[in-house]
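**Student:** coords below, sequence missing:
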């Protein structure tokens, strides 16, 4: 992750009504026989949002303007809470220490990266979680929930490290539950503001783009 990152969260009141979601890149070639060939250009998806849809008042607009200036436009990244996808468990379900698999112990490895896996019977994709929310991470080894003193989580990287005496033994399954933010930046160095048009109903576009770890 680039050093130009501020561990602060985009105004939550605006984020809750923001539009956007995952973007993928696929090359599609139309063949002479009418069929097509598809190639996945990106191994991972990348989230893109428009915070303009979350602005409901001049107070919201000013809060984003102030936040934009503090980040230097596109220069510095920041945390953003996806209004739909911000927990290990999914909408409407409580977080548990059994939500997501992190790996299998070998008796020596002490650190594991937080991930979230999406999928069904036909395919899966694992997403690196680099910005967990402090105080929300729960961990289990072979189904036994660990006390918070048994591990530490770096909220700037999503790396979980077991304390001495708690290193998972060979074959032990490590699972975790957590809340998380998306590392993003502004995808523009300019915010267009027209108060007359805004009061009449026009909402400015404020694009945000995920920073991949």
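**Tutor:** Received, thanks. Since the structure is predicted, the reported quantities are computational estimates derived from the model, not experimental observations.

**Student:** what about the nearest residue to residue 156 once chain neighbours are set aside, helix or strand, and which?
**Tutor:** Nearest residue to residue 156, sequence neighbours excluded (Cβ to Cβ, 6 or more residues apart in numbering): residue 7, at 6.3 Å. Quick note: C-beta positions are derived from backbone N, CA and C, even for glycine. Secondary structure assigned from DSSP states H and E places residue 7 in strand 5-9.

**Student:** what number of residues lie near residue 99?
**Tutor:** 20 (other Cβ atoms under 10 Å).

**Student:** follow-up on the earlier one: mind listing what's buried along the strand holding residue 7?
**Tutor:** Residues residue 5 are the ones in strand 5-9 that count as buried (16 or more other Cβ atoms under 10 Å).

**Student:** returning to that earlier point: so who does the residue nearest to residue 156 touch?
**Tutor:** 78-79, 155-156 (Cβ atoms under 8 Å, 6 or more residues apart in numbering).

**Student:** Dump these into a markdown table; add neighbour count as well.
**Tutor:** Below are those laid out as a markdown table (neighbours: other Cβ atoms under 10 Å):
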| residue | neighbour count |
| --- | --- |
| 78 | 22 |
| 79 | 19 |
| 155 | 21 |
| 156 | 13 |
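
**Student:** Tell me which two of those sit farthest apart.
**Tutor:** Comparing every pair within the contacts of residue 7 by Cβ to Cβ identifies 78 and 155 as the most remote, at 13.7 Å.

**Student:** follow-up on the earlier one: out of the contacts of residue 7, which are inside strands?
**Tutor:** Counting by DSSP state E, the contacts of residue 7 place 78-79 in strands.

**Student:** I'd like the distance between the residue nearest the centre of the chain and residue 4.
**Tutor:** With the centre of the chain defined as its mean C-alpha position, the nearest residue by Cα atoms, centre = their mean is residue 182, 2.8 Å away. Remark: distance between residue 182 and residue 4 (Cβ to Cβ, to the nearest Å) = 16 Å.
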